[in-house]
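1. Give me a model of this one.
(chains A and B)
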Amino acid sequence: MSAPAIEFLNPTVRPTATRTRLWLSLARAVILESLRRKDLYVVGILGFLLMVSAGTLGFFGLQGLETFAKDLATTVLGLFSTIVAVLTGSRLMPDEIRNRTLYPLLARPMSRFDLIMGKFLGAVAVTWIAFGILAVLTGLALALFGVRFEAVMGQYLLLKSLGLAVVCAVSLCLSMVMTPSAAATMGFVLAFGTTMIVRALTMAYETASPAMQWLFKLVNAALPQYGLFDMGSRAANSGWGPVPLWVVGALLGYAVCYSSAMLALAWLKFRRQVV
Amino acid sequence: MREALLWGVGAATLLGVGLGTTQLKEVVHPPVKPAGLDAHETHASSSLLGQFRTSVSSWLWLRTDLYLHNGVEMRHLTQQELDRGKTGVGSSDNHDEALHNDELIVTVIPSRERDFRGFFGDLDRATKAYKDMSNHGHNDPKTALPLFRLMTWVDPTFVPGWTTAAAVIIRDRTEEANQKALGLLREGLAANPNSVGILSEIGFVHVSRRKDLRTAAAYFEQARQAGRAVVERLDDEDQEALLHGYRWLGLIYRDLGRTDSMREVLREGVQLFPDDPVLVRLLNPPPQVLSEQGQKAWQEAIQEELEGARADDHDHHDHHHDHEDHHDHDHP
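-> Reported below is the predicted structural model:
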């Protein structure tokens, strides 16, 4: 077993409680940094846009447009929170390297994996805070016009949060192997294009050759399945109940596995990287 | 000095050529108001805002179809799938008659049997608004009316928004619904004075719902005047509306006993739409060799073709516009 693996896995080297505290400290620093950089102001502006849009719709009259309003709300909510997740996830590590703040961090008694894990948790926390703010503002805006979501909205928020964590992990991994701009671009392409690619694969599968079908399966397995975490269509339209618990459990498992794989890849790249 | 003169002549020539291009204005900007998605391509200044409005109204149009299926995403079969004999899900009602043809659509998320993704497919079906849509029903199209109102409010030049909304309203078959539809169409006509689609739809409401042949004929004639000179430049929807206008005018003049007008209109219609079997049949009287029963059968065949064409048209109208699929709405 390699030295870094021993370092990571051996609890005597670094007790779990200490490690968890370390990760949380790093995550807290990410949140504070985000506040200092006024990133959450952007969320505020996006929220303001949401309220203005809702106000415009309200001016027109929402009678008969409740489904449309809910659909619009879940779409915009998903869009804005994904933007925040990609930008936050793809920026953290390159910023540390560019600003040379990585040196004092690495001089402390922590492994490079700890650093990545802490940054990831910080990115997820910032994204969830932004998502929470936007969700509350959207809910308020719609409630003002008498539009009510069904109970399934709770599941939508939960699963969307899990999906955003996967987006953060993928963006962070991308930022370790490419420039920040390229990582952000690829992050957006994956976040907004994966569902379309998967739809295209399912459409073309039956008419594809056996070799292509094999390739389709491979591509589908490798791509992050962000679309699975989006229950927007059930939340916006009426009469769709909550999904069974096994679905939530399976998606939680998938989110953990995929995010772990992305963080492992990021660590493999970062642990040998000369900074 | 000579060089300067040459430069001057060259510059004057270029200026002359440049100014001469105004002669091309008629070619570059044909004197027809574009309809549908090109409605805003009239002036550079309006193009930017127009593109935005067109995009919004097109997006709303797509959402309308989605809400009729209560959020279940549907797609049209590809040509490859059709060639392989794959059929659509069909429907148990005709609530979306004005919007699309259910025989040509399937769910975007495939059924378990047709999905190669295995467990991921199961999760996708569980977390999305998905159900087996075989022989499916629809939400009442009237629930989509506010959305049609919104899209015409965002973009008054979006003709399908006006005509499809009117087609949905007159499904009620009451005088109140007719008045409401006509009011809406007149509002649309004010924003699109030469729209063949709207004029034809107004004519259709008068002839099919109010049985007012003379008023209907007046509107169909207006549609004819607006469309016949520029038929090549009309978009698919307006060409279709013009074709319906000729069919209805032929029938109306026949019923009013204006045989000469009927022949003139039908001849003109066949000239513009030589492949249309309905116009050809209407123009040619039943052969004399047929018995009285045969002639009756001939007339019934025309009627059947008209009914069939009307059903097909309903599918068409709608989705021509967004993805050149087969969608339609109410027409002869």
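2. Residues of chain A that sit close to chain B?
-> Contacts of chain A with chain B, taken as CB under 8 Å from any CB of the partner chain, map to A:60-61, A:63-65, A:67-68, A:71, A:159, A:198-199, A:201-203, A:205-207, A:213, A:216-217, A:220, A:225, A:227-231, A:233-234, A:236-240, A:243-244, A:247, A:250-251, A:254. C-betas here are computed from N, CA, C, even on glycine.
3. Any regions of the stretch 1-150 of chain B where pLDDT drops low?
-> The stretch 1-150 of chain B contains residues with pLDDT under 70 at B:1, B:19-50, B:91-101.
4. where along chain A do the helices fall?
-> A:3-9, A:16-36, A:39-60, A:66-98, A:102-107, A:112-144, A:152-177, A:180-205, A:210-222, A:232-236, A:245-271 (DSSP state H).
5. And those helices, which one averages the lowest pLDDT?
-> Sorting the helices of chain A by mean pLDDT places helix A:3-9 lowest, at a mean of 51.
6. quick one: contacts for residue 231?
-> Since no chain was named, I'll use chain A. Contacts for A:Met231 (CB atoms under 8 Å, 6 or more residues apart in numbering or on different chains) come out as A:Val152, A:Gln155, A:Tyr156, A:Leu159, A:Lys160, A:Val243, B:Thr127, B:Lys128.
7. To clarify, I was referring to chain B.
-> Counting by CB under 8 Å, 6+ apart, B:Val231 has contacts B:Gln239, B:Leu242, B:Leu272.
8. Okay, buried residues for stretch A:66-83 please.
-> Buried residues in stretch A:66-83, counted by 16 or more other CB atoms under 10 Å in any protein chain shown: A:66-74, A:76-78, A:80-83.
9. With stretch A:118-138 instead?
-> A:118-131, A:133-135, A:137-138.
10. How far does that stretch sit from its chain's centre?
-> Centroid displacement of stretch A:118-138 relative to its chain, using CA atoms, centre = their mean, to the nearest Å, is 9 Å.
11. Also stretch B:63-83?
-> Using CA atoms, centre = their mean, the offset of stretch B:63-83 from its chain centre is 18 Å.
12. A:Asn99: neighbour count?
-> By the measure other CB atoms under 10 Å in any protein chain shown, the count of residues near A:Asn99 is 8.
13. Closest one of the contacts of B:Val231 to chain A?
-> The nearest member of the contacts of B:Val231 to chain A, counting by CB to the nearest CB, is B:Gln239 at 30.2 Å.
14. ok, that closest one - contacts?
-> B:Gly227, B:Val231.
15. buried stuff in the stretch of helix or strand it belongs to?
-> Per DSSP states H and E: B:Gln239 is located in helix B:236-255. Neighbour-count burial for helix B:236-255, counted by 16+ other CB under 10 Å, picks out B:237-254.
16. Just give me the neighbour total for the residue in the stretch 101-250 of chain A positioned nearest to chain B.
-> Nearest residue of the stretch 101-250 of chain A to chain B (CB to the nearest CB) works out as A:Asn237 at 3.3 Å. Applying other CB under 10 Å, we find 21 residues neighbouring A:Asn237.
17. Could you pull up the residues touching it?
-> A:Thr67, A:Lys70, A:Asp71, B:Tyr67, B:Asn70, B:Gly71, B:Ala129.
18. still on that earlier bit, now the residues of chain A next to chain B: which count as buried?
-> Among the residues of chain A next to chain B, the ones that count as buried by 16+ other CB under 10 Å are A:65, A:67-68, A:71, A:159, A:198-199, A:201-203, A:205, A:213, A:216, A:220, A:225, A:227-231, A:233-234, A:236-237, A:240, A:243, A:247, A:250-251, A:254.
19. nearest to B:Asp83, of the buried residues of stretch A:66-83?
-> A:Asp71 (34.4 Å; CB to CB).
20. residues in contact with that closest one?
-> Going by CB under 8 Å, 6+ apart, A:Asp71 touches A:Gly232, A:Ser233, A:Ala236, A:Asn237, B:Arg63, B:Leu66, B:Tyr67, B:Gly71.
21. Mind doing that once more with 10 Å?
-> A:Asp71 makes contacts with A:Leu65, A:Gly232, A:Ser233, A:Ala235, A:Ala236, A:Asn237, B:Arg63, B:Leu66, B:Tyr67, B:Gly71, as judged by CB atoms under 10 Å, 6 or more residues apart in numbering or on different chains.
22. B:Phe220: what's it in contact with?
-> For B:Phe220, counting by CB under 10 Å, 6+ apart, the contacting residues are B:199-200, B:202-204, B:206-207, B:213, B:241-242, B:244-250, B:252-253, B:265.
23. Centre of chain A to the edge, which residue is at the far end?
-> The C-alpha centroid of chain A is most remote from A:Ser209, which lies 34.7 Å away (CA atoms, centre = their mean).
24. Look at it and report its pLDDT.
-> At A:Ser209, the pLDDT value in this model is 91.
25. and the gap between it and A:Val198?
-> Using CB to CB, to the nearest Å, one gets 19 Å for the distance from A:Ser209 to A:Val198.
26. hang on, A:Phe229 packs against A:Ala85?
-> No - applying CB atoms under 10 Å as the test, A:Phe229 and A:Ala85 come out as separate, 11.6 Å apart.
27. Quick check: neighbours shared by the two?
-> With contacts defined as CB under 10 Å, 6+ apart, the residues adjacent to both A:Phe229 and A:Ala85 are A:Gly163, A:Leu164, A:Ala165, A:Val166, A:Val167.
28. How about the secondary structure of B:Arg75?
-> strand (DSSP: H, G, I helix; E, B strand; the rest coil).
29. Tell me how many other residues surround the closest residue in space to it that isn't next to it in sequence.
-> Distances taken as CB to CB, 6 or more residues apart in numbering or on different chains put B:Val108 closest to B:Arg75, at 4.9 Å, once the chain neighbours are dropped. Neighbour count for B:Val108, taken as other CB under 10 Å: 15.
30. Can you name the residues that contact A:Leu65?
-> Contacts of A:Leu65 (CB under 10 Å, 6+ apart): A:57-58, A:71-72, A:145, A:147, B:67, B:143-144, B:146-147, B:149-150.
31. Sort out which one of those residues lies nearest B:Ser195 for me.
-> Nearest to B:Ser195, judged by CB to CB, of these is B:Arg149 at 17.7 Å.
32. residues contacting the residue in the stretch 1-150 of chain A that chain B sits nearest to?
-> In the stretch 1-150 of chain A, the residue that lies nearest chain B is A:Gly64 (3.5 Å; CB to the nearest CB). Contacts for A:Gly64 (CB under 10 Å, 6+ apart) come out as B:Lys142, B:Thr143, B:Ala144, B:Leu145, B:Pro146, B:Leu147, B:Arg149, B:Leu150.
33. can you pull the contacts of A:Met203?
-> Contacts of A:Met203 by CB under 10 Å, 6+ apart are B:Arg75, B:Leu77, B:Thr78, B:Gln80, B:Glu81, B:Val106, B:Val108, B:Pro110.
34. just to revisit the earlier point, burial check on the closest residue to the residue of the stretch 101-250 of chain A closest to chain B other than its chain neighbours, number of neighbours?
-> Spatial nearest neighbour of A:Asn237, chain neighbours left out: B:Gly71 (3.3 Å); criterion: CB to CB, 6+ apart. B:Gly71 has 23 neighbouring residues, counting by other CB under 10 Å.
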